[in-house]
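Peer 1: Turn this into a model:
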Amino acid sequence: MDVVIALLVAALVLSLIAVGVLVSRSRRHAEPQVVVEAGAVGHLEARMEELARELQESVRRAEEETQRSRFLNQIGTTVDLDSVLETTLDAALALPQVDAALVRLDGGGADKPIAGSRGFGSEAPDATSFFGQAGGWGARAVELSYRYPEPTEGAIRAALGVPLVDRSGGVGWLGIFSREPQARFGDDDLRRAEELAERVAPALENARRFQEARQQADLDALTGLHNRRYFHETLAREVARAHRYSRGLALVIVDIDDFKGVNDRIGHLAGDGALAETAERVREAVRESDIPCRIGGDELGLILPESRLADAQRLAARIEQAVVARPIARAGHLRVSVGFAELQPNDDSTSLFERADQSLYAAKQMRKSGGGLAAAE
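Peer 2: The predicted structure follows:
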């Protein structure tokens with residue numbers, strides 16, 4: 001690309017020199033000759049304009065290629081799935097005519113594909129509506145249908161889907177979209193999209209597998225909840241986020257009453273089963289946005305983003321009700337104590353946890369004395 005630009009610049013310079021020579025000669029010769037050479041000058045000027053346009057187009061293409069190369073080089077520097085998805089979308093948007101892009105990772109036929117999109121505004125499309133179910137199309141590019149009943153300004157006019165394929169086979173799809181009035185993706189667009197898909201597919205699949213492995217490493221084998229390490233990492237991150245954006249955050253800690261006595265009575269193996277069943281009831285009681293974790297022994301911690309003390313208190317009541325609602329196998333009827341706290345302006349993750357833990361201790365003491373829930377303000 002740099003060689004082409006250099007040649008075009010050289011041709012433009014030579015043309016300018018030629019025009020200058022002709023203009024100089026025209027001033028020294030007779031009138032008929034001036035007319036002839038004036039025509040030649042006009043022809044050269046038109047050629048110069050054409051060369052200038054070609055040079056401008058070459059520069060534009062070189063800039064686009066440089067930008068795409070930068071995005072692709074970034075993809076290989078991380079295994080963070082969110083980062084790889086974002087960089088892939090950036091690279092797709094750098095393609096000619098492309099105004100929006102969509103990526104779907106099927107994860108070897110996962111029930112819930114991973115998807116990312118850019119350029120659709122607030123109404124991000126459903127990836128399944130474009131690409132169908134996982135593995136449904138084979139491995140050939142498809143012209144997608146994305147039409148409005150009555151085309152409006154800014155409507156999508158053309159769409160193209162290409163498969164993401166690595167050594168193991170198809171791993172997902174890349175869709176590119178254009179809003180240009182007469183847009184139509186041709187062979188060159190297909191080639192660029194396929195080249196991009198070929199480059200990013202291995203990186204996307206590696207990042208997906210890394211995320212999957214990390215998620216497995218973050219899970220507690222007995223309860224299926226997130227483990228202690230994940231709890232403290234996530235709590236620190238959510239505390240920082242809540243402070244940064246002035247959002248609410250609450251923390252709930254749950255402990256099974258006299259669980260040592262349960263183990264002594266039915267044995268540790270049956271006790272593990274009782275703990276797993278209790279954790280499952282807690283999981284059923286939380287909201288989708290809440291983050292339940294096992295933080296040690298029979299103690300569970302629940303991080304509640306975008307929540308206040310009242311939200312934590314309502315969740316605590318639901319958990320208590322869910323646990324005592326019916327007996328748990330050989331353990332019979334169990335009860336839990338619950339402590340909770342709301343993030344304060346001067347809190348860090350440690351102080352928030354300590355206040356929730358103090359609330360749990362107070363709840364246990366009140367339980368022994370026949371009282372109810374205790375909260376850390």
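Peer 1: contacts and neighbour counts: CA atoms only from here.
Peer 2: Will do.
Peer 1: Would you state the helices of the chain in chain order?
Peer 2: Along the chain, counting by DSSP state H, helices occupy 2-26, 31-75, 81-93, 127-131, 187-217, 228-245, 259-266, 268-285, 309-324, 349-368.
Peer 1: quick one: which of these has the weakest pLDDT on average?
Peer 2: Ranked by mean pLDDT, the helices of the chain end with helix 2-26 in last place, scoring a mean of 52.
Peer 1: measure Glu233 to Val254 for me?
Peer 2: 19 Å (C-alpha to C-alpha, to the nearest Å).
Peer 1: What residues of stretch 180-197 count as buried?
Peer 2: Neighbour counts using 16 or more other C-alpha atoms under 10 Å place 180, 184-185, 189-190, 193-194, 196-197 of stretch 180-197 among the buried residues.
Peer 1: ok, what's across the strand from Val252?
Peer 2: In this structure, Val252 bridges to Leu302, Phe340 when assessed by DSSP bridges.
Peer 1: can you pull the contacts of it?
Peer 2: Residues near Val252 by C-alpha atoms under 8 Å, 6 or more residues apart in numbering: 301-304, 312, 316, 338-341, 356.
Peer 1: What of His333?
Peer 2: Under the criterion of C-alpha under 8 Å, 6+ apart, the neighbours of His333 are 323-324, 326-327.
Peer 1: One more pass at 10 Å, please.
Peer 2: His333 is in contact with 323-327, counting by C-alpha atoms under 10 Å, 6 or more residues apart in numbering.
Peer 1: again with Phe231
Peer 2: For Phe231, counting by C-alpha under 10 Å, 6+ apart, the contacting residues are 218, 225, 237, 291-295, 300-303.
Peer 1: would you turn those into TSV with neighbour count and distance to Leu105?
Peer 2: Putting the contacts of Phe231 into TSV (neighbours: other C-alpha atoms under 10 Å; distance: C-alpha to C-alpha, whole Å) gives the following:
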residue	neighbour count	distance to Leu105
Asp218	18	22
Leu225	24	25
Arg237	12	26
Ile291	20	24
Pro292	23	26
Cys293	27	27
Arg294	25	30
Ile295	21	32
Leu300	24	33
Gly301	29	32
Leu302	25	30
Ile303	24	28
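Peer 1: quick check, nearest of the residues you listed to Gln97?
Peer 2: Closest to Gln97 out of the contacts of Phe231 is Arg237 (38.8 Å), distances taken as C-alpha to C-alpha.
Peer 1: can I assume that closest one is in contact with Ser349?
Peer 2: Yes: under the criterion of C-alpha atoms under 10 Å, Arg237 lies in contact with Ser349, with a separation of 8.5 Å.
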